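1. build me a structure from this.
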Amino acid sequence: MKFSTKGRYALRLMAALASRPAGENVSLREISQEQEISLKYMEQIITPLVRAGLVRSGRGSQGGYRLARPAGQYTVGEILRAVEGDLSPIQCLEDAQNQCPHYARCSTIRFWEGLDRVIQQYVDSVSLEELRPESAPAPESEPAP
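-> Model (predicted):
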C-alpha cells in the first residue's frame, strides 16, 4: 500500500500549520516555499482539508490558513482520510459491511481485515502534535567509519 504525494504533503502542510502560534494565519505561498512544494499543488491539497473542517481560512491582508483546533486533537488518520479517502488496503473492506460476493469463502479475508485493523489503529494513534517540527526527533547522525 502506498500513500500518494497528496497524503504525504497534506501531513507536511498540517505540521507546518501546527508549528505556528494558535490562531495565526499563514499564507499558502509561505508554506509552499518552506516545504518546497508547488503552490498550485498546495492549493489542491488545502481544499479537501478546508472542506473537512480541519483547516480554516481567513481573507484580507492578514488572511491565510490556520488549524481549526489544537494540533493534539487531530489524528494522522483523519488528515489522510480527508485527502486520500478510505485507507483500507483492499476495496472490499472500504464499506462498513463487506459487500464482496466471495466474502464467505475467501481464504485471505482474515489477513486483509487484520492488516486493515492495524493500519486504522496506527494512523488514528498518532496525533498532529507528534508531527510538529519541534516534536520530531532529531535525525540520527551517520556512524563514524
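2. and the closest residue to residue 58 other than its chain neighbours, how close does it get to residue 101?
-> In space, and not counting its chain neighbours, residue 58 is closest to residue 25: 4.6 Å by C-beta to C-beta, 6 or more residues apart in numbering. Yep, even glycine has a C-beta here, placed from its N, CA and C like the rest. As for residue 25, its distance to residue 101 is 50 Å (criterion: C-beta to C-beta, to the nearest Å).
3. more crowded one of the two?
-> residue 25 (16 against 9; other C-beta atoms under 10 Å).
4. that one touches residue 61, doesn't it?
-> No. Counting by C-beta atoms under 8 Å, residue 25 does not reach residue 61; the two are 10.1 Å apart.
5. if we can go back for a sec, how about the residue nearest to residue 58, what does it touch?
-> 57-58, 62-66 (C-beta atoms under 8 Å, 6 or more residues apart in numbering).
6. could you save those as JSON lines and add columns showing pLDDT, distance to residue 44 and secondary structure?
-> Below are the contacts of residue 25 laid out as JSON lines (pLDDT from 0 to 100; distance: C-beta to C-beta, whole Å; DSSP: H, G, I helix; E, B strand; the rest coil):
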{"residue": "57", "pLDDT": "91", "distance to residue 44": "15", "secondary structure": "strand"}
{"residue": "58", "pLDDT": "87", "distance to residue 44": "20", "secondary structure": "strand"}
{"residue": "62", "pLDDT": "75", "distance to residue 44": "24", "secondary structure": "coil"}
{"residue": "63", "pLDDT": "82", "distance to residue 44": "19", "secondary structure": "coil"}
{"residue": "64", "pLDDT": "92", "distance to residue 44": "17", "secondary structure": "strand"}
{"residue": "65", "pLDDT": "95", "distance to residue 44": "14", "secondary structure": "strand"}
{"residue": "66", "pLDDT": "95", "distance to residue 44": "19", "secondary structure": "strand"}
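7. thank you kindly, that will do.
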